[in-house]
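# pasting the structure only:
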(Lines give C-alpha, C1' and ligand atoms only; values in the text may rest on other atoms or scores of the structure.)
Protein backbone atom coordinates (compact mmCIF):
# COMPACT_ATOMS: atom_id res chain seq x y z
CA UNK A 1 0.00 0.00 0.00
CA UNK A 2 2.83 2.44 0.77
CA UNK A 3 4.24 2.12 -2.76
CA UNK A 4 0.78 2.68 -4.22
CA UNK A 5 0.38 5.93 -2.29
CA UNK A 6 3.76 7.15 -3.57
CA UNK A 7 2.80 6.74 -7.24
CA UNK A 8 1.83 9.86 -9.21
CA UNK A 9 -0.69 8.88 -11.87
CA UNK A 10 -2.69 12.05 -12.57
CA UNK A 11 -2.19 15.69 -13.47
CA UNK A 12 -4.61 18.57 -12.93
CA UNK A 13 -4.74 21.22 -15.66
CA UNK A 14 -6.41 24.41 -14.35
CA UNK A 15 -7.95 25.89 -17.51
CA UNK A 16 -10.90 27.91 -16.26
CA UNK A 17 -9.33 31.38 -16.23
CA UNK A 18 -10.91 34.21 -18.17
CA UNK A 19 -7.71 35.25 -19.95
CA UNK A 20 -8.41 38.96 -19.52
CA UNK A 21 -4.83 39.96 -20.40
CA UNK A 22 -5.52 38.81 -23.96
CA UNK A 23 -8.86 40.51 -24.56
CA UNK A 24 -10.50 40.85 -27.00
CA UNK A 25 -9.28 37.56 -28.53
CA UNK A 26 -10.17 35.63 -25.35
CA UNK A 27 -13.74 36.93 -25.35
CA UNK A 28 -14.70 33.88 -27.42
CA UNK A 29 -11.43 31.88 -27.59
CA UNK A 30 -9.97 30.12 -24.52
CA UNK A 31 -6.51 31.42 -23.68
CA UNK A 32 -5.27 27.81 -23.50
CA UNK A 33 -6.13 27.41 -27.20
CA UNK A 34 -3.96 30.30 -28.39
CA UNK A 35 -1.34 28.81 -30.71
CA UNK A 36 2.37 28.51 -30.22
CA UNK A 37 3.32 28.38 -33.90
CA UNK A 38 0.77 25.73 -34.93
CA UNK A 39 -0.25 23.96 -31.72
CA UNK A 40 -2.38 25.33 -28.85
CA UNK A 41 -0.44 25.93 -25.65
CA UNK A 42 -2.45 23.34 -23.72
CA UNK A 43 -1.38 20.59 -26.14
CA UNK A 44 2.26 21.06 -25.15
CA UNK A 45 1.23 20.38 -21.56
CA UNK A 46 -0.68 17.21 -22.44
CA UNK A 47 2.30 15.97 -24.43
CA UNK A 48 4.50 16.61 -21.39
CA UNK A 49 2.13 14.62 -19.17
CA UNK A 50 2.30 11.68 -21.59
CA UNK A 51 6.09 11.88 -21.82
CA UNK A 52 6.20 11.86 -18.01
CA UNK A 53 4.30 8.57 -17.85
CA UNK A 54 1.02 9.84 -16.41
CA UNK A 55 -2.22 7.93 -16.90
CA UNK A 56 -4.82 10.64 -16.56
CA UNK A 57 -5.31 14.37 -17.08
CA UNK A 58 -8.05 16.29 -15.27
CA UNK A 59 -8.97 19.51 -17.06
CA UNK A 60 -10.59 22.08 -14.77
CA UNK A 61 -12.60 24.24 -17.16
CA UNK A 62 -15.16 27.02 -16.93
CA UNK A 63 -17.86 28.43 -19.18
CA UNK A 64 -16.89 29.13 -22.78
CA UNK A 65 -14.13 26.49 -22.83
CA UNK A 66 -15.80 24.08 -25.23
CA UNK A 67 -12.94 24.56 -27.70
CA UNK A 68 -10.58 22.79 -25.28
CA UNK A 69 -12.85 19.75 -25.19
CA UNK A 70 -13.32 19.77 -28.97
CA UNK A 71 -9.59 19.96 -29.63
CA UNK A 72 -8.90 16.62 -27.95
CA UNK A 73 -11.95 14.98 -29.56
CA UNK A 74 -12.12 13.65 -33.12
CA UNK A 75 -13.52 15.86 -35.87
CA UNK A 76 -15.15 13.56 -38.43
CA UNK A 77 -16.18 16.53 -40.57
CA UNK A 78 -12.61 17.79 -41.02
CA UNK A 79 -11.30 14.25 -41.55
CA UNK A 80 -13.84 13.61 -44.31
CA UNK A 81 -13.02 16.93 -45.95
CA UNK A 82 -9.29 16.11 -45.98
CA UNK A 83 -9.82 12.53 -47.14
CA UNK A 84 -11.88 13.70 -50.11
CA UNK A 85 -9.02 15.98 -51.13
CA UNK A 86 -6.30 13.42 -50.40
CA UNK A 87 -4.59 15.71 -47.85
CA UNK A 88 -2.61 12.90 -46.22
CA UNK A 89 -0.12 15.16 -44.48
CA UNK A 90 -2.89 17.11 -42.74
CA UNK A 91 -4.74 13.91 -41.84
CA UNK A 92 -1.62 12.69 -40.08
CA UNK A 93 -1.43 15.91 -38.07
CA UNK A 94 -5.02 15.37 -36.91
CA UNK A 95 -4.29 11.74 -36.13
CA UNK A 96 -1.40 12.89 -33.92
CA UNK A 97 -3.81 14.93 -31.79
CA UNK A 98 -6.27 12.01 -31.63
CA UNK A 99 -3.50 9.70 -30.39
CA UNK A 100 -2.97 11.89 -27.34
CA UNK A 101 -6.28 10.79 -25.81
CA UNK A 102 -5.39 7.17 -26.63
CA UNK A 103 -2.28 7.43 -24.46
CA UNK A 104 -4.01 8.78 -21.35
CA UNK A 105 -7.52 9.52 -20.13
CA UNK A 106 -8.71 13.13 -20.32
CA UNK A 107 -11.45 14.04 -17.83
CA UNK A 108 -13.23 17.37 -17.37
CA UNK A 109 -14.57 19.06 -14.25
CA UNK A 110 -16.16 22.50 -14.08
CA UNK A 111 -15.01 25.36 -11.88
CA UNK A 112 -18.25 27.31 -11.61
CA UNK A 113 -16.68 30.53 -10.30
CA UNK A 114 -13.19 31.95 -11.06
CA UNK A 115 -12.00 31.95 -7.44
CA UNK A 116 -8.31 31.43 -8.01
CA UNK A 117 -5.73 28.76 -8.79
CA UNK A 118 -6.04 27.10 -5.40
CA UNK A 119 -9.79 26.79 -5.83
CA UNK A 120 -9.37 25.35 -9.34
CA UNK A 121 -7.03 22.65 -8.03
CA UNK A 122 -9.34 21.96 -5.08
CA UNK A 123 -12.26 21.54 -7.51
CA UNK A 124 -10.61 18.36 -8.82
CA UNK A 125 -10.11 16.84 -5.36
CA UNK A 126 -12.70 14.06 -5.74
CA UNK A 127 -11.12 12.83 -8.97
CA UNK A 128 -7.69 12.73 -7.32
CA UNK A 129 -9.00 10.17 -4.78
CA UNK A 130 -6.58 11.09 -2.00
CA UNK A 131 -3.47 10.32 -4.06
CA UNK A 132 -0.52 12.59 -4.82
CA UNK A 133 -0.95 14.32 -8.15
CA UNK A 134 0.80 16.70 -10.51
CA UNK A 135 -0.46 20.16 -11.44
CA UNK A 136 0.47 21.73 -14.76
CA UNK A 137 -0.28 25.32 -15.82
CA UNK A 138 -0.66 25.55 -19.60
CA UNK A 139 0.65 29.16 -19.65
CA UNK A 140 4.09 27.84 -18.71
CA UNK A 141 5.50 25.85 -21.62
CA UNK A 142 8.64 23.90 -20.70
CA UNK A 143 10.43 21.93 -23.39
CA UNK A 144 13.45 19.66 -23.37
CA UNK A 145 14.21 16.31 -21.85
CA UNK A 146 13.61 14.84 -19.42
CA UNK A 147 10.18 16.48 -19.09
CA UNK A 148 9.84 18.93 -16.21
CA UNK A 149 6.96 16.94 -14.65
CA UNK A 150 9.09 13.80 -14.77
CA UNK A 151 11.89 15.61 -12.94
CA UNK A 152 9.46 16.60 -10.17
CA UNK A 153 7.94 13.12 -10.00
CA UNK A 154 11.40 11.59 -9.55
CA UNK A 155 12.05 13.95 -6.63
CA UNK A 156 8.70 13.02 -5.11
CA UNK A 157 9.52 9.31 -5.45
CA UNK A 158 12.72 9.89 -3.43
CA UNK A 159 11.35 12.25 -0.80
CA UNK A 160 7.58 11.79 -0.50
CA UNK A 161 7.35 15.59 -0.30
CA UNK A 162 5.30 18.15 -2.18
CA UNK A 163 7.59 19.32 -5.00
CA UNK A 164 7.59 22.75 -6.67
CA UNK A 165 9.27 23.73 -9.93
CA UNK A 166 11.37 26.87 -9.45
CA UNK A 167 13.76 29.02 -11.42
CA UNK A 168 15.76 32.13 -10.52
CA UNK A 169 14.28 35.34 -11.94
CA UNK A 170 15.58 38.95 -12.07
CA UNK A 171 14.81 41.07 -9.01
CA UNK A 172 12.51 43.39 -10.97
CA UNK A 173 10.28 40.44 -11.93
CA UNK A 174 10.02 38.68 -8.56
CA UNK A 175 6.75 40.42 -7.65
CA UNK A 176 5.00 38.63 -10.54
CA UNK A 177 5.42 35.18 -8.96
CA UNK A 178 5.03 33.06 -5.90
CA UNK A 179 8.48 32.89 -4.30
CA UNK A 180 9.99 30.38 -1.87
CA UNK A 181 11.92 31.03 1.31
CA UNK A 182 14.59 28.35 0.90
CA UNK A 183 16.16 26.31 3.68
CA UNK A 184 19.09 23.88 3.27
CA UNK A 185 19.92 22.99 -0.33
CA UNK A 186 21.52 20.09 -2.14
CA UNK A 187 22.50 21.31 -5.56
CA UNK A 188 19.29 22.26 -7.41
CA UNK A 189 17.02 20.87 -4.67
CA UNK A 190 15.93 23.22 -1.87
CA UNK A 191 13.97 22.70 1.32
CA UNK A 192 11.05 25.14 1.50
CA UNK A 193 10.53 26.99 4.80
CA UNK A 194 7.81 29.32 3.55
CA UNK A 195 6.19 30.75 0.40
CA UNK A 196 5.10 34.26 -0.48
CA UNK A 197 2.59 35.04 -3.25
CA UNK A 198 3.67 38.03 -5.39
CA UNK A 199 5.85 39.76 -2.78
CA UNK A 200 6.29 43.51 -2.81
CA UNK A 201 9.48 44.72 -4.52
CA UNK A 202 12.43 44.42 -2.18
CA UNK A 203 10.60 42.10 0.24
CA UNK A 204 10.98 38.74 -1.52
CA UNK A 205 12.70 36.03 0.55
CA UNK A 206 14.67 34.84 -2.52
CA UNK A 207 14.83 35.03 -6.29
CA UNK A 208 13.50 31.48 -6.68
CA UNK A 209 10.12 31.85 -8.40
CA UNK A 210 7.54 29.07 -8.48
CA UNK A 211 6.67 28.24 -12.07
CA UNK A 212 3.79 26.18 -13.43
CA UNK A 213 4.63 22.62 -12.36
CA UNK A 214 3.89 20.95 -9.02
CA UNK A 215 3.57 17.54 -7.42
CA UNK A 216 1.11 17.87 -4.54
CA UNK A 217 0.65 15.47 -1.63
CA UNK A 218 -2.78 14.90 -0.07
CA UNK A 219 -1.81 17.31 2.73
CA UNK A 220 -2.12 20.18 0.25
CA UNK A 221 -5.72 19.30 -0.56
CA UNK A 222 -6.56 19.06 3.13
CA UNK A 223 -4.99 22.50 3.62
CA UNK A 224 -7.01 23.90 0.68
CA UNK A 225 -10.17 22.73 2.45
CA UNK A 226 -9.56 25.42 5.06
CA UNK A 227 -7.70 28.06 3.03
CA UNK A 228 -9.30 31.51 3.03
CA UNK A 229 -9.12 33.95 0.09
CA UNK A 230 -5.77 35.74 -0.05
CA UNK A 231 -4.05 37.92 -2.66
CA UNK A 232 -6.56 39.28 -5.17
CA UNK A 233 -9.44 37.95 -3.05
CA UNK A 234 -8.74 34.52 -4.54
CA UNK A 235 -7.87 31.16 -2.99
CA UNK A 236 -4.18 30.88 -3.73
CA UNK A 237 -2.46 27.55 -4.27
CA UNK A 238 0.58 29.07 -2.57
CA UNK A 239 -1.44 29.49 0.63
CA UNK A 240 -2.60 25.87 0.45
CA UNK A 241 0.99 24.66 0.09
CA UNK A 242 2.00 26.88 3.01
CA UNK A 243 -0.71 25.22 5.09
CA UNK A 244 0.69 21.80 4.18
CA UNK A 245 4.04 22.84 5.67
CA UNK A 246 2.46 22.43 9.11
CA UNK A 247 2.22 18.66 8.70
CA UNK A 248 4.39 17.74 5.72
CA UNK A 249 7.56 18.46 3.82
CA UNK A 250 7.83 20.77 0.80
CA UNK A 251 10.85 20.95 -1.51
CA UNK A 252 11.63 22.96 -4.64
CA UNK A 253 13.59 21.82 -7.69
CA UNK A 254 15.40 24.14 -10.07
CA UNK A 255 14.28 22.26 -13.16
CA UNK A 256 16.12 21.82 -16.42
CA UNK A 257 14.54 22.80 -19.74
CA UNK A 258 13.61 25.74 -21.95
CA UNK A 259 10.92 27.84 -20.26
CA UNK A 260 8.40 30.04 -22.06
CA UNK A 261 5.91 32.24 -20.21
CA UNK A 262 2.90 32.64 -22.50
CA UNK A 263 0.70 34.25 -19.83
CA UNK A 264 1.53 37.81 -20.93
CA UNK A 265 1.41 39.31 -24.42
CA UNK A 266 5.20 40.04 -24.57
CA UNK A 267 5.99 36.56 -23.27
CA UNK A 268 3.57 34.95 -25.70
CA UNK A 269 5.04 36.79 -28.68
CA UNK A 270 8.59 35.96 -27.55
CA UNK A 271 7.68 32.27 -27.21
CA UNK A 272 6.20 32.16 -30.72
CA UNK A 273 9.29 33.77 -32.22
CA UNK A 274 11.71 31.55 -30.27
CA UNK A 275 9.89 28.35 -31.20
CA UNK A 276 9.51 29.34 -34.84
CA UNK A 277 13.26 29.94 -35.01
CA UNK A 278 13.83 26.39 -33.71
CA UNK A 279 11.77 24.89 -36.54
CA UNK A 280 13.94 23.89 -39.54
CA UNK A 281 11.03 24.58 -41.91
CA UNK A 282 10.50 28.09 -40.55
CA UNK A 283 13.87 29.32 -39.30
CA UNK A 284 15.31 30.84 -42.48
CA UNK A 285 12.07 32.55 -43.46
CA UNK A 286 11.65 34.00 -39.96
CA UNK A 287 15.24 35.24 -39.92
CA UNK A 288 14.55 36.96 -43.22
CA UNK A 289 11.47 38.64 -41.78
CA UNK A 290 13.47 39.85 -38.76
CA UNK A 291 16.26 41.21 -40.95
CA UNK A 292 13.74 42.92 -43.22
CA UNK A 293 12.07 44.59 -40.28
CA UNK A 294 15.33 45.68 -38.60
CA UNK A 295 16.71 47.13 -41.84
CA UNK A 296 13.52 49.04 -42.61
CA UNK A 297 13.59 52.86 -42.31
CA UNK A 298 12.59 54.16 -38.88
CA UNK A 299 9.20 55.61 -40.00
CA UNK A 300 8.20 52.20 -41.40
CA UNK A 301 9.04 50.51 -38.10
CA UNK A 302 6.94 53.04 -36.21
CA UNK A 303 3.94 52.57 -38.49
CA UNK A 304 4.22 48.79 -38.16
CA UNK A 305 4.01 48.94 -34.39
CA UNK A 306 1.68 51.93 -33.99
CA UNK A 307 -2.10 52.02 -33.70
CA UNK A 308 -4.16 50.99 -36.70
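On my side now, so go ahead. Remember, it's a predicted structure, so these values are computed and weren't measured experimentally.
# What distance do you get for residue 220 to residue 147?
21 Å (C-beta to C-beta, to the nearest Å). The C-beta positions use only the backbone N, C-alpha and C, and glycine is treated the same way.
# quick one, which of the two is more surrounded?
Each of residue 220 and residue 147 has its neighbours counted (other C-beta atoms under 10 Å); residue 220 has more, 28 against 22.
# Please look at the more buried one and residue 245 and confirm they touch.
No. Applying C-beta atoms under 8 Å as the test, residue 220 and residue 245 come out as separate, 9.8 Å apart.
# what about residue 11, helix or strand, and which?
strand 10-15 (DSSP states H and E).
# same for that strand, what does it pack against?
In terms of contact count using 3 or more C-beta pairs under 8 Å, 6 or more residues apart in numbering; DSSP states H and E, strand 10-15 is assigned the packing partners helix 41-51, strand 56-61, helix 117-123, helix 125-128, strand 133-136.
# want to throw these into a markdown table with mean neighbour count?
Formatted as a markdown table, the helices and strands packed on strand 10-15 follow (neighbours: other C-beta atoms under 10 Å):
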| stretch | mean neighbour count |
| --- | --- |
| helix 41-51 | 22 |
| strand 56-61 | 22 |
| helix 117-123 | 24 |
| helix 125-128 | 15 |
| strand 133-136 | 26 |
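# would TSV of the ones you listed with distance to residue 95 be doable?
Output for the helices and strands packed on strand 10-15, formatted as TSV (distance: least, C-beta to C-beta, whole Å):
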stretch	distance to residue 95
helix 41-51	14
strand 56-61	19
helix 117-123	31
helix 125-128	28
strand 133-136	24
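# can you put the ones you listed in JSON lines and add mean pLDDT and distance to residue 109?
Shown next, in JSON lines, are the helices and strands packed on strand 10-15 (pLDDT from 0 to 100; distance: least, C-beta to C-beta, whole Å):
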{"stretch": "helix 41-51", "mean pLDDT": "96", "distance to residue 109": "15"}
{"stretch": "strand 56-61", "mean pLDDT": "94", "distance to residue 109": "6"}
{"stretch": "helix 117-123", "mean pLDDT": "92", "distance to residue 109": "6"}
{"stretch": "helix 125-128", "mean pLDDT": "91", "distance to residue 109": "6"}
{"stretch": "strand 133-136", "mean pLDDT": "96", "distance to residue 109": "13"}
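# Ok, which of those comes nearest residue 92?
helix 41-51 (15.5 Å; C-beta to C-beta).
# Just the residues contacting the closest one, thanks.
Identification of contacts with helix 41-51 by C-beta atoms under 8 Å, 6 or more residues apart in numbering yields 11, 13, 15, 31-36, 57, 68, 71-72, 97, 100, 103-104, 106, 134, 136-139, 141-143, 145, 147-150, 262.
# now the angle between strand 10-15 and that helix, please.
Between helix 41-51 and strand 10-15, the angle comes out at 180 degrees (axes from the mean of the first three to the mean of the last three C-alpha atoms, to 10 degrees).
# Figure out which of the helices and strands packed on strand 10-15 is closest to residue 297.
Using C-beta to C-beta, the helices and strands packed on strand 10-15 put helix 41-51 closest to residue 297, at 35.3 Å.
# from the middle of its chain, how far away would that closest one be?
Helix 41-51 has its C-alpha centroid displaced from the chain centroid by 9 Å (C-alpha atoms, centre = their mean, to the nearest Å).
# same question, stretch 210-220
12 Å.
# Averaged pLDDT, it. What do you get?
Confidence over stretch 210-220 (mean pLDDT, whole number) is 95.
# what's next to stretch 90-101, contact-wise?
So stretch 90-101 is contacted by 43, 46-47, 50, 71-75, 78-79, 82-83, 106 (C-beta under 8 Å, 6+ apart).
# If we use 7 Å, what do you get?
Applying C-beta atoms under 7 Å, 6 or more residues apart in numbering, the contact partners of stretch 90-101 are 46-47, 50, 72, 74, 78-79, 82-83.
# Select, from those, the two members most distant in space.
Greatest spatial distance in those: 50 and 83, 26.5 Å, computed using C-beta to C-beta.
# what's the angle between the longest helix along the chain and helix 41-51?
Secondary structure of the chain per DSSP state H: the longest helix is helix 88-103. On the basis of the same axes, to 10 degrees, helix 88-103 is oriented at 60 degrees to helix 41-51.
# And the helix or strand that comes right after helix 88-103, what does it pack against?
Going down the chain from helix 88-103, the next helix or strand is strand 105-110, by DSSP H and E. When contacts are defined as 3 or more C-beta pairs under 7 Å, 6 or more residues apart in numbering; DSSP states H and E, strand 105-110 sits against strand 56-61.
# same thing but 10 Å
strand 10-15, strand 56-61, helix 66-71, helix 117-123, helix 125-128 (3 or more C-beta pairs under 10 Å, 6 or more residues apart in numbering; DSSP states H and E).
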